[in-house]
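Asks: attaching a predicted model along with its sequence, questions to come.
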Amino acid sequence: MLDYIWLVPFLPLFGFVINGLVGTRLPRKVVGIIACGAVGLAFLISLIAFFSLPDQPVPDKVLYSWIKVGDFKADFGFQVDPLSIIMILIVSGVAFVIHIYSIGYMHGDPGYSRYFTYLNLFVCAMLLLVLANNFLMMYIGWEGVGLCSYLLIGFWYERKSAADAGKKAFIVTRIGDFGFALGIMLVFKTFGTIDISEVMHLAQGRFEVGAPILTAITLLLFLGAVGKSAQIPLYVWLPDAMEGPTPVSALIHAATMVTAGVYMIARCNVLYSLSPTSLMVVAVIGCATAIYAASIGLVQNDIKRVLAYSTISQLGYMFMACGVGAFAASIFHLMTHAFFKALLFMGAGSVIHALAGEMDIRHMGGLRRYMPATYKTFLIAALAIGGIFPFAGFFSKDEILWRAFEQNYVLWAIGVITAAMTSFYIFRLVFRTFAGESRVEKEKLVHVHESPRVMTIPLVILGVMSVIGGLAGIAKAFPLLGMSRFFSEKLNVLRFLEPVTGGHHAEGGEAVGLERWLMLASLLIALLGIYIAYQFYVRNPQLPKRLARSLRRTYNFVLNKYKVDELYDFLFVNPAKRFSVFLWRIWDDRIIDGIVNGTAGFFKGCGRIGRRVQTGYVQTYILLIIIGAVIIIWYCL
């Protein structure tokens, strides 16, 4: 089956082509079957490939030699190893569930076939990205998910806010993509190849730890990851991406675009392990993003924006893990996060669907009585992201905190504080949405009901994975459960170098004992966040209002997202607009158009003069001949 791994990205591409060409002429049921079937078959092949993967490394599956110009060569091939197999399982599996959910969510939308066409292309681009065996193919997938995010975020383009959000996502991520492209060029200049496996092998043999050229390469590649995975300072596009349909938000946040940066760094683990400076930059940016985004999520009132800032924060965790050399832990958290974040967004979509588009949690409350399935699955996802034992997020987040503690106490402390903030804001969302008295408008409350099965069954599937998904990487601190570390031992996902950042290490029984204490501390802090949220929004709902009034300036500052968007508008957007207007009115209108129009005017004037010579009157021609003859005779005499 590994020889047919090329079918994994090509099946969604097939769905894209069919629905793109004839989807508007097909019944909606057929459109949904084609789109879901294409991704479902891709998932099935990924699953078979997973069980077919041998213990020994597998050669790349090259379909054909794509580009060969001078010393530059790029094959159209796929890298088949545990990391790529795990990623295609996550992408195709979660995307398949989201596709099924979308049938119910988008059933009445006039752009139904267009939606599934874009969605299939989105999955195809992401699968191409994670399977690519060279940086050029990875870049094509990288740009492909950027294009699809623009199309899907701005799907309801007739709304100005959606169109603006799509443009913002496209433009902001282009900044990072420019750095990523420069990094790929520098890779070829340095190694003479863009084949990923060859680059990693040559890097280990040619360069010492801390080589400046590797630091330059890894920082440029990281700039691309910062844009695509919404880290400081290029995170501002992701909250606005909520303008797209909710299943699109689930797909972007859980399995496709924003995970691309984390995957790329994990794939290039050898380069980063040889550059301590880059590792530290990755760790600091990730850590800062995690706590910064979590602080904004504490006060947001839009149900989807709370989850958006949650995604930015969780991605910060993943980058922090990469920065301390825990690449396997980062991919492990990427996997569990895909389950519970997709579930959170789809649960939010179920609520929005029931409330006829309402997204403000201040106008919700008491919905658990009307939507029991949505409530229970949403609660499971909240417990998972909050890091409560034994849900999936507990194991993956604890692994990151443990590795951070080994390397840097400050990073660990910030990570723990972020964990407390995460459990608080996610249960603030749960309590404000599902608990307490209903604040829903009476006209809407009459029509509130549970979503159809085509939407609730995917919620249940992801709910199950949010419960058991963490068992895939069970820690040594729980030997009685009889499972080894799924990612770092059994599958050996990443054969990376030992971290070179230094730090504090414990071994043997001391390490296991210390990890258990740290896990207990992390769990207690998460429970504390839930308890505070319960006191604020269930026991004493007036308390947060009083607190907000007493800290009005701080509260409004955080509520307005630290006014970073306004700062960017002042520093970059507005000057760019003014410069563009200058180029338009002065350079384009007056200089360029002036030269073009002036040239045309000159020859037009010449034409007018020449036109007067051709009058059509014989008398005029005779007169001109006589005058000409007189002039010539006079000149000769």
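Replies: Nice, thanks for sending it over. Numbers count the residues shown, from 1 in each chain.

Asks: surely Ala548 touches Val558?
Replies: No. The pair Ala548 / Val558 is not scored as a contact, 10.1 Å apart, by CB atoms under 8 Å. All C-beta atoms are positioned from the backbone trio N, CA, C, and that covers glycine.

Asks: shared neighbours of these two, anything?
Replies: Val299 (CB atoms under 8 Å, 6 or more residues apart in numbering).

Asks: so these two - more neighbours on which side?
Replies: More crowded of Ala548 and Val558, by other CB atoms under 10 Å: Val558, with 17 against 14.

Asks: give me the nearest residue to the more buried one, chain neighbours excluded.
Replies: Spatial nearest neighbour of Val558, excluding adjacent residues (CB to CB, 6 or more residues apart in numbering): Val299 at 5.3 Å.

Asks: who's in contact with stretch 187-197?
Replies: 60, 71-75, 79, 132-136, 138, 184, 198-199, 202-203, 213, 217, 267-268.

Asks: just how off-centre is the longest helix belonging to the chain within its chain?
Replies: Selection of the longest helix in the chain by residue count, based on DSSP state H, yields helix 160-191. Centroid separation between helix 160-191 and its chain, computed with CA atoms, centre = their mean, to the nearest Å, is 12 Å.

Asks: can you tell me the centre-most residue of the protein?
Replies: Val258 (1.8 Å; CA atoms, centre = their mean).

Asks: may I have the phi/psi pair for that one?
Replies: Taking degrees, to the nearest 10, you get phi -70, psi -20 for the backbone angles of Val258.

Asks: show the pLDDT at it.
Replies: Looking at Val258, its pLDDT reads 91.

Asks: what about the strands in the protein?
Replies: 61-69, 72-78 (DSSP state E).

Asks: distance to Leu514 added to these, as CSV?
Replies: Below are the strands of the chain laid out as CSV (distance: least, CB to CB, whole Å):
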stretch, distance to Leu514
strand 61-69, 43
strand 72-78, 41
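
Asks: before we move on, back to that, list the contacts of the residue nearest to the residue nearest to the centre of the chain when sequence neighbours are not counted.
Replies: For Val258, ignoring the flanking residues on the chain, the nearest one in space by CB to CB, 6+ apart is Ser229 at 5.0 Å. Listed by CB under 8 Å, 6+ apart, the contact set of Ser229 reads 258-262, 315, 319.

Asks: low-confidence regions, the stretch 451-600 of the chain specifically.
Replies: In the predicted model, the stretch 451-600 of the chain carries pLDDT under 70 at residues 473-512.

Asks: buried ones in the longest helix of the chain?
Replies: 162-163, 165-166, 168-170, 172-173, 176-177, 179-184, 186-188, 190-191 (16 or more other CB atoms under 10 Å).

Asks: was I right about Trp66 contacting Ala74?
Replies: Yes. Between Trp66 and Ala74 there is a contact under CB under 8 Å: 5.1 Å.

Asks: and the pLDDT for Ile303?
Replies: 93.

Asks: returning to that earlier point: which of the contacts of Ser229 are buried, as a PyMOL select command?
Replies: Remark: buried members of those, expressed as a PyMOL selection using 16+ other CB under 10 Å:
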select buried, resi 258+259+260+261+262+315+319
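
Asks: looking at the contacts of Ser229, which one is closest to Glu441?
Replies: Checking these against Glu441 with CB to CB, the nearest one is Val258 at 33.6 Å.

Asks: show me the contacts for that closest one.
Replies: Val258 sits in contact with 228-230, 238, 252, 311, 315, where contact means CB under 8 Å, 6+ apart.

Asks: do Gly436 as well
Replies: 365-366, 537-538, 541.

Asks: repeat the analysis, applying 6 Å as the threshold.
Replies: Residues near Gly436 by CB atoms under 6 Å, 6 or more residues apart in numbering: Gly365.

Asks: look up phi and psi at it.
Replies: Dihedral pair for Gly436: phi 70, psi -160, per degrees, to the nearest 10.

Asks: check Leu53 too.
Replies: phi -70, psi 120.

Asks: nearest spatial neighbour of it, skipping sequence neighbours?
Replies: Using CB to CB, 6+ apart, the closest residue to Leu53 is Ile85 (5.7 Å).

Asks: give the contact list for that neighbour.
Replies: Counted by CB under 6 Å, 6+ apart, Ile85 has contacts 49-50, 53.

Asks: show me which of these are buried.
Replies: Of these, these count as buried by 16+ other CB under 10 Å: 49, 53.

Asks: redo the contacts of Ile85 as CSV? Include distance to Trp6.
Replies: Below are the contacts of Ile85 laid out as CSV (distance: CB to CB, whole Å):
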residue, distance to Trp6
Ala49, 11
Phe50, 16
Leu53, 16
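
Asks: which one of the contacts of Ile85 is nearest to Val564?
Replies: Closest to Val564, out of all of the contacts of Ile85 and judged by CB to CB, is Phe50, at 41.1 Å.

Asks: and that closest one, how far from Pro544?
Replies: 46 Å (CB to CB, to the nearest Å).

Asks: widest-spaced pair of the contacts of Ser229?
Replies: Ala260 and Phe319 (12.5 Å).

Asks: identify, from the contacts of Val258, the entry nearest to Gly628.
Replies: Lys228 (76.4 Å).

Asks: OK, contacts around that closest one?
Replies: For Lys228, counting by CB under 6 Å, 6+ apart, the contacting residues are 173, 176, 260-261.

Asks: next: Val199.
Replies: Contacts of Val199 (CB under 6 Å, 6+ apart): 187, 191.

Asks: try it again at 10 Å.
Replies: 134-135, 187-188, 190-193, 217, 268, 270-271 (CB atoms under 10 Å, 6 or more residues apart in numbering).

Asks: then Phe178?
Replies: So Phe178 contacts 220, 223-224, 227 (CB under 10 Å, 6+ apart).

Asks: swap in Leu7?
Replies: Going by CB under 10 Å, 6+ apart, the list of residues near Leu7 reads 1, 13-14, 41-42, 44-46, 49.

Asks: which per-residue confidence value corresponds to it?
Replies: Leu7 is given a pLDDT of 93.

Asks: please report how far it lies from Val30.
Replies: 21 Å.
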